[in-house]
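Colleague: model this:
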Amino acid sequence: MKFTRPRKKPLIALLVKRTVFFFFFANIFIILLYAVGTVQDFMENTQIILLRLLVITGLFLSIAAVYGSLLNVGFLFIKRQKQFFLGIIPYLLLIVFGVSVSAAASFLLVIIGGNIN
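Modeller: Numbers count the residues shown, from 1 in each chain. Prediction:
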């Protein structure tokens, strides 16, 4: 039985993918911290800081996912490999996730802004 090596991906594609995963897991962690803080009655300032971090990381996730999807489209045309076409779909889902998380956190910040002196 002959084994073949997997195709090498370009270094920039690997770096962008890992960056997107980092921002995705950072968003999940901050959402969990916010949920635990809501149940455990964290201070209001701490909750506001978590929401602001969520807005920032959500936007960074969206920007990195847009860059990753454009990179995959470019590699799809240059290298003519189907693996890059399947890589576009998760990036598109992560763009939607990042924008929606950022919008929801911004909405909560606007609502909370009326309750703070």
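
Colleague: switch to C-alpha atoms for all contacts and neighbour counts from now on
Modeller: Will do.

Colleague: which strands and helices sit next to the lengthiest helix in the chain?
Modeller: The longest helix of the chain (DSSP state H) is helix 44-79. Under the contact criterion of 3 or more CA pairs under 8 Å, 6 or more residues apart in numbering; DSSP states H and E, helix 44-79 touches helix 11-39, helix 83-86, helix 88-113.

Colleague: looking at those helices, which one has the lowest mean pLDDT?
Modeller: Note on these: lowest mean pLDDT is at helix 83-86, with a mean of 70.

Colleague: Name the residues of the longest helix of the chain that are buried.
Modeller: For helix 44-79, burial by neighbour count (16 or more other CA atoms under 10 Å) applies to 47-48, 50-69, 71-73, 75-76.

Colleague: Measure how far that helix is from the centre of its chain, please.
Modeller: Relative to its parent chain, helix 44-79 has a centroid offset of 4 Å by CA atoms, centre = their mean, to the nearest Å.
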